[in-house]
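Asks: here are the coordinates; sequence isn't available:
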């Protein structure tokens, strides 16, 4: 019997997950299908109950439901609980268990640019949901420093205080981040600045950037934000958000099927789907 997988969100039409996972099910000869479902917040509980009732194999969760879905699941793993958000749900013997593959997906992609996090000085720009997933994932890797730059210092300090792992962290303003940029080995941009309609904006200027610094931006549409363009022109190593998107999807697929899929195939598929829609 064909297994059902899905993604829940609102809106959902922009999601590239269905194309990515449908291709993988076909490639690995798995009798399964994957569908996008637009679900309003007030209908989320009913949607989860319905998927459980029909024996869904698993599903992804995207904005704005990543945190709101937790009370409707049978359990969540430790990382997802600490992050306070779920992006992947697995049907484990009739129990819907939530996971977060966003942070681990970012980390897996980062290894292609920075093989070791331990001992590195890291700055995260932004303190939203994606920043939280990345911060808590990297905190376990024992960086020397893991700082957060954000417009609202209170929100950044709140994230730092919520971290259950021992790590040296401080919150700073964007102005402070700009002035101390040369102190960091890795800088990760997690805000929406750089996406349409703000494609010519960036959170901080990179005047003080060292060439040895790795600069990441989790945006992948456009593939190269203004932030990454400036970093590249200054000689830094840059990474966009495509790796994070692909690896988080690969980790979800592995949790559902036990197969870690072909990353290059997934990456090429997403690039084809982006086509001309890169701004």
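Replies: Ah, there it is. A quick note: this is a predicted structure, and the numbers were derived from the prediction, not measured.

Asks: so residue 33 bridges to which residues?
Replies: With DSSP bridges applied, residue 33 shows beta-bridge pairing to residue 4.

Asks: quick one: the helices in the chain?
Replies: For the chain, the helices defined by DSSP state H occupy 17-27, 44-53, 78-83, 102-110, 129-139, 153-162, 174-179, 226-233, 242-257, 263-274.

Asks: Just send those helices back as CSV, with mean pLDDT and mean neighbour count too.
Replies: In short, each C-beta sits where N, CA and C put it, glycine included. CSV is the format used below for the helices of the chain (pLDDT from 0 to 100; neighbours: other CB atoms under 10 Å):
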stretch, mean pLDDT, mean neighbour count
helix 17-27, 96, 19
helix 44-53, 98, 16
helix 78-83, 95, 19
helix 102-110, 97, 23
helix 129-139, 97, 25
helix 153-162, 97, 16
helix 174-179, 97, 16
helix 226-233, 97, 19
helix 242-257, 98, 23
helix 263-274, 93, 15
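
Asks: hmm, who's touching stretch 21-29?
Replies: With CB atoms under 8 Å, 6 or more residues apart in numbering as the test, stretch 21-29 has contacts from 5, 30-34, 249, 253, 257, 259, 261-262, 265-266, 269.

Asks: Name the nearest of those residues relative to residue 159.
Replies: Nearest to residue 159 among the contacts of stretch 21-29: residue 249, at 24.9 Å, using CB to CB.

Asks: roughly how far apart are the nearest residue to that closest one once chain neighbours are set aside and residue 47?
Replies: Once flanking residues are discounted, residue 249 sits nearest to residue 20: 5.5 Å by CB to CB, 6 or more residues apart in numbering. Per CB to CB, to the nearest Å, residue 20 is found 21 Å from residue 47.

Asks: pretty sure the residue nearest to residue 249 is touching residue 265, no?
Replies: No: in this structure, residue 20 is not within contact of residue 265 by CB atoms under 8 Å, at 9.4 Å.

Asks: who's in contact with residue 65?
Replies: For residue 65, the contact set (CB under 8 Å, 6+ apart) comprises 8-10, 39, 41, 44.

Asks: ok, 7 Å please
Replies: Neighbouring residues of residue 65 by CB atoms under 7 Å, 6 or more residues apart in numbering: 8-9, 44.

Asks: can I get those residues in CSV with distance to residue 16?
Replies: Below are the contacts of residue 65 laid out as CSV (distance: CB to CB, whole Å):
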residue, distance to residue 16
8, 15
9, 12
44, 22
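
Asks: quick check, nearest of those residues to residue 217?
Replies: Proximity of the contacts of residue 65 to residue 217 (CB to CB) peaks at residue 9, which lies at 22.0 Å.

Asks: Which pLDDT value goes with that closest one?
Replies: The per-residue pLDDT reported for residue 9 equals 97.

Asks: ok, and the closest non-adjacent residue to it?
Replies: Leaving aside its sequence neighbours, residue 9 sits nearest to residue 62 (CB to CB, 6+ apart; 3.8 Å).

Asks: and if you look at residue 228?
Replies: residue 238 (4.6 Å).

Asks: Please report the distance of that neighbour from residue 229.
Replies: Residue 238 is 8 Å from residue 229, where distance means CB to CB.

Asks: do residue 120 as well
Replies: 24 Å.

Asks: May I have the residues that are in contact with the closest residue to residue 201 other than its chain neighbours?
Replies: Spatial nearest neighbour of residue 201, excluding adjacent residues (CB to CB, 6+ apart): residue 193 at 5.2 Å. When contacts are counted by CB under 7 Å, 6+ apart, residue 193 touches 201-203.
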